[in-house]
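Novice: Sequence first, then the predicted structure, then my questions.
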Amino acid sequence: MSAQSWFNRIWYGAMPPPWWLKPLSTLYGTVSAVRRFAYGRKLARSTRLTCPVIVVGNLTAGGTGKTPLVCWLAEHLTERGFRPGVVTRGYGGSSRAARLVLSTDVPDVVGDEAVLLARRARAPIAIGRDRPAAAQLLINAGCDVILSDDGLQHYALARDCEIIVVDGDRRFGNGRLLPAGPLREAPKRLKGADAVVINGGAVQGDEALHMRLLATGAVAMKYGTIKPLREFSGQPVHAIAAIGNPQRFFAMLRAVGIDIIEHPLPDHARLKLEDISFPDDLAVLMTEKDAVKCREIAGPHHWYVPVSVAFAAGDGERLRDIVNRSVASRAAGA
């Protein structure tokens, strides 16, 4: 059992956390609270850029659907005449300095999500542990709105709008802070956000916005041809997912009648030939984030499944209005 699987059993299953994790969670919560207090009281320096900053983040460790939402926001801002840029940490890559990312960059250097964004967001991308420095590179490149992917807890970069994404199925797990639970911050942090977006799960009568991820086709990794996802229905396939919540990807495939053989891997895992090769001739479906890491070793039976964002009735417009007001407010006060 991988470390991620073990933690997921504790965070989202019935397995109670061992006693020694609980004091670590207390320590984590104390450090997190002190850090936020320091930034809130200006005891720690927070850099305010010359253009609006929109942060998309979450309260839990692991994926909640932030990156597809960032791509959706980048498209919306571009349609409105802005030139958005996306800043992200570059998790999983070896690069430490702030730098711009190209679609041809290697995931081992800049991270898998950065390469995915460079290929999907149609906007300049920058990575760096120093978010303000990375964001400044985007401004120097001509961007006039910054989207910070997974930047909620990066308080060194001042923001004009906060959007928190919540996994609608797993929510907040056992409700404990890391490492005894999945929470980076307590759920009360939602009250300070400009928008809360719940990805998947049942639509409830609350103030949150609701979205889901849609997949309609699969792309052949070797040839680039597109095949309707329903054409895989009724047949067994191998399904690979090295993301924060592999079961979301597997459930998406099952929903269209595909008989999948699950191959969950740790989030951001570096895929090797043995990870995507099996002793049969079945098709292999994987996430788009995983595909950027193994294009060179993929065969004709390897496919990736891109996803897009769909909102509940009216919620997409509500989110656009929230973002538009934040951008306009910053422009008026500049």
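Specialist: Yep, it's here.
Novice: my read: residue 207 touches residue 196, true?
Specialist: Yes. If you go by CB atoms under 8 Å, residue 207 and residue 196 touch, sitting 7.3 Å apart. C-beta here means a position set from N, CA and C on the backbone, and glycine is covered the same way.
Novice: For those two, indicate the residue with more neighbours.
Specialist: residue 196 (18 against 9; other CB atoms under 10 Å).
Novice: The residue nearest to residue 243 when sequence neighbours are not counted: what's it in contact with?
Specialist: Setting aside the residues directly before and after it, residue 243 is nearest to residue 63 in space (CB to CB, 6 or more residues apart in numbering), at 5.1 Å. Residues counted as contacts of residue 63 (CB atoms under 8 Å, 6 or more residues apart in numbering) are 167, 243, 244, 245, 248, 267.
Novice: The second one is in contact with residue 287, isn't it?
Specialist: By that I understand residue 243. Yes. With contact defined as CB under 8 Å, residue 243 counts as touching residue 287 (5.7 Å).
Novice: pLDDT weak spots in the protein?
Specialist: Applying pLDDT under 70 to the chain flags residues 1, 203-206, 333-334.
Novice: ok, which stretches of it are helices?
Specialist: 3-12, 21-40, 66-79, 107-110, 112-120, 131-140, 246-254, 273-276, 288-291, 315-333 (DSSP state H).
Novice: can I get those helices in CSV with distance to residue 160 and mean neighbour count?
Specialist: Output for these, formatted as CSV (distance: least, CB to CB, whole Å; neighbours: other CB atoms under 10 Å):
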stretch, distance to residue 160, mean neighbour count
helix 3-12, 32, 17
helix 21-40, 15, 14
helix 66-79, 13, 21
helix 107-110, 26, 20
helix 112-120, 20, 26
helix 131-140, 12, 21
helix 246-254, 30, 20
helix 273-276, 41, 14
helix 288-291, 28, 24
helix 315-333, 5, 15
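Novice: how about these in CSV, adding distance to residue 219?
Specialist: CSV is the format used below for these (distance: least, CB to CB, whole Å):
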stretch, distance to residue 219
helix 3-12, 27
helix 21-40, 40
helix 66-79, 16
helix 107-110, 17
helix 112-120, 11
helix 131-140, 28
helix 246-254, 14
helix 273-276, 15
helix 288-291, 8
helix 315-333, 25
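Novice: number of nearby residues for the closest residue to residue 246 other than its chain neighbours?
Specialist: Ranked by CB to CB, 6+ apart and with sequence neighbours excluded, the top spatial neighbour of residue 246 is residue 264, at 3.8 Å. The number of residues packed near residue 264 is 20, by other CB under 10 Å.
Novice: Thanks a lot, catch you later.
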